[in-house]
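In: prediction below, plus the sequence it came from.
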Amino acid sequence: MSHDAHGDHPPYLQHHFDTPQQQFSAGKLGMWLFLAQEILFFGGLFCFYAVYRYNHPEVFDYAHHFLDWRLGALNTVVLLVSSLTMALAVRAAQVSNTRQLLVMLAITFVCAGGFMVVKYFEYAHKIHAGLVWGSHFDYEKMSAREKEQQRTPELVDVKSSVAALDNEVVPTESELPRTQLYTSTVASTGLSAEYGKSEGVHLHDSAVDPGHPIHLPDGVRPQNIHVFFSIYFCLTGLHGIHVLAGMIMLVWLFWGGMKGRYNKDYFTPVDLGGLYWHLVDLVWIYLFPLLYLIS
Amino acid sequence: MSEENTHGNDHGEHHGVGHVVPVWILVGTLLALLFLTFVTVAVAQVDLDFLNIWVALGVATIKAALVCTFFMHLRWDKPFNSIVFVGSIILLALFLGLSMMDTREYGPDLEPNYAEEGVTKEQYLDKVAPSN
């Protein structure tokens, strides 16, 4: 099979390698070195997450409610399944089963596409509501939302808030923090990104968020919640770019598979592409609990 | 064990290029991963105070180990690939660990009122450099 008129040098063996085994090992090592870089690449953003969450847990406690964990869980399942189909694609190439290789690559691609579709809906919802990164965060909309959902602004000193509520103490100017603190007079359902009715305020006619009401989480809105969304969009955005790149790679592998390039003697590109895809899955395995499952 | 016999090399040259992973291992790994995802979500509903994040990260690490060992084939690969991977994790741990140590140690010094509740940027700046 690998030994034809070319003798000991089959067509897929590059001139600078002695044996297919050496070529394969070198390719694998090269891919693992790239993956090590990718881990450190994402690591920079994870460091952003870690340091900021350590210093301002209140921002995460509040703002994570704007994410829908069910969509995150769905995306997790989709990527895990796509990891299996990718591994099965590699296996198919290893046993020269081209038809199964193509089917598995196609399913992996569809899963990746599904992931991006869910991601699109998540992003569109947030962008529409002004829940975006940095200075683009729409605080005016947020204030309007709070007003609309009948949250009473009470200017209280943070440290004596309980006493003040009981005694209706009016704090002096020097005690007043410039933060506007809101106590909720509305029963909250918890999941803020739910579409549809809540048990409390009926939000379908929301002037601020027509069509897709944003339920505000319980409690005080802390300072700088826009940073949470900076972190969210940076992390998931970079990950999304990697998913898109992976989809392009899957198309390229599919193309090669159709041309009959991959078989049990030469399946290296499929194997290495698989490694990349599993890394994309690995990153999401960490992103999901860190962003969506904050309690 | 492995299915290297399917390679059928008739010239004695040992390819060794590919141990073929049995399908049941791959499917089993996925089932374990899906189960662990369910566990992650379930545990997140329970209030374990500060432990929550560590349990979530612990389960995520188990999932990552499964993906690396079986899907990414490290179980049957040359050990050096595993060394490269674990090495990057060690470097990442150093990166995050030292950054966390740094912020914990020097954060309060740099911004004296950093940890206080309700301090706005204007108030902090006023305290540090009063405009009058």
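Out: That came in fine, so what should we check first? Numbers count the residues shown, from 1 in each chain, chains lettered A, B, ... in the order given.
In: what's the neighbour count on residue 22?
Out: No chain specified, so I'll use chain A. Number of residues near A:Gln22 (other C-beta atoms under 10 Å in any protein chain shown) recorded here: 13. Placement of C-beta: from N, CA and C, glycine included.
In: oops, wrong one, chain B.
Out: Other residues within reach of B:Pro22 by the criterion other C-beta under 10 Å amount to 13.
In: next: A:Phe229.
Out: What A:Phe229 shows, counting by other C-beta under 10 Å, is a neighbour count of 21.
In: in the strand or helix carrying it, which residues are buried?
Out: Assigned by DSSP states H and E, A:Phe229 belongs to helix A:226-258. Neighbour-count burial for helix A:226-258, counted by 16 or more other C-beta atoms under 10 Å in any protein chain shown, picks out A:226-236, A:239-240, A:242-243, A:246-247, A:249-250, A:253-254, A:256-257.
In: with stretch B:84-93 instead?
Out: By 16+ other C-beta under 10 Å, the buried positions in stretch B:84-93 come out as B:84-85, B:88-89, B:92.
In: so what pLDDT did residue 6 get?
Out: Just going to use chain A. What the model reports for A:His6 is a pLDDT of 55.
In: oops, chain B please
Out: B:Thr6 is assigned a predicted lDDT (pLDDT) of 42.
In: re earlier: out of the buried residues of stretch B:84-93, which is nearest to chain A?
Out: Using C-beta to the nearest C-beta, B:Ser88 is the member of those that sits closest to chain A, with 3.5 Å.
In: now do the contacts for the closest one.
Out: Listed by C-beta atoms under 8 Å, 6 or more residues apart in numbering or on different chains, the contact set of B:Ser88 reads A:35-37, A:39-40.
In: next one: B:Thr69
Out: Contacts of B:Thr69 by C-beta under 8 Å, 6+ apart are B:Arg75.
In: any idea which element residue 96 lies in?
Out: All of this refers to chain A. Applying DSSP H and E, one finds A:Ser96 in no helix or strand.
In: chain B, not that one
Out: Using DSSP H and E, the element containing B:Leu96 is helix B:79-110.
In: what is the mean pLDDT for that helix?
Out: Per-residue scores along helix B:79-110 average to 91.
In: same check on stretch A:207-223?
Out: Average pLDDT, stretch A:207-223: 83.
In: is that stretch in proximity to chain B?
Out: Yes - Stretch A:207-223 reaches chain B (C-beta under 8 Å from any C-beta of the partner chain) through A:Gln223.
In: could you do stretch A:109-129 as well?
Out: No - against chain B, stretch A:109-129 shows no contacts by C-beta under 8 Å from any C-beta, the least distance being 12.1 Å.
In: average pLDDT for that stretch?
Out: For stretch A:109-129, the mean per-residue pLDDT is 97.
In: mind listing what's buried along it?
Out: Neighbour-count burial for stretch A:109-129, with 16+ other C-beta under 10 Å as criterion, is recorded at A:109, A:111-116, A:118-119, A:122-123, A:125-126, A:129.
In: from these, which land in helices?
Out: Counted as lying in helices by DSSP state H, out of those, are A:109, A:111-116, A:118-119, A:122-123, A:125-126, A:129.
In: can you list those residues in JSON lines and add distance to A:Lys141?
Out: Below are these laid out as JSON lines (distance: C-beta to C-beta, whole Å):
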{"residue": "A:Phe109", "distance to A:Lys141": "37"}
{"residue": "A:Cys111", "distance to A:Lys141": "34"}
{"residue": "A:Ala112", "distance to A:Lys141": "33"}
{"residue": "A:Gly113", "distance to A:Lys141": "31"}
{"residue": "A:Gly114", "distance to A:Lys141": "30"}
{"residue": "A:Phe115", "distance to A:Lys141": "28"}
{"residue": "A:Met116", "distance to A:Lys141": "26"}
{"residue": "A:Val118", "distance to A:Lys141": "24"}
{"residue": "A:Lys119", "distance to A:Lys141": "22"}
{"residue": "A:Glu122", "distance to A:Lys141": "18"}
{"residue": "A:Tyr123", "distance to A:Lys141": "17"}
{"residue": "A:His125", "distance to A:Lys141": "13"}
{"residue": "A:Lys126", "distance to A:Lys141": "12"}
{"residue": "A:Ala129", "distance to A:Lys141": "7"}
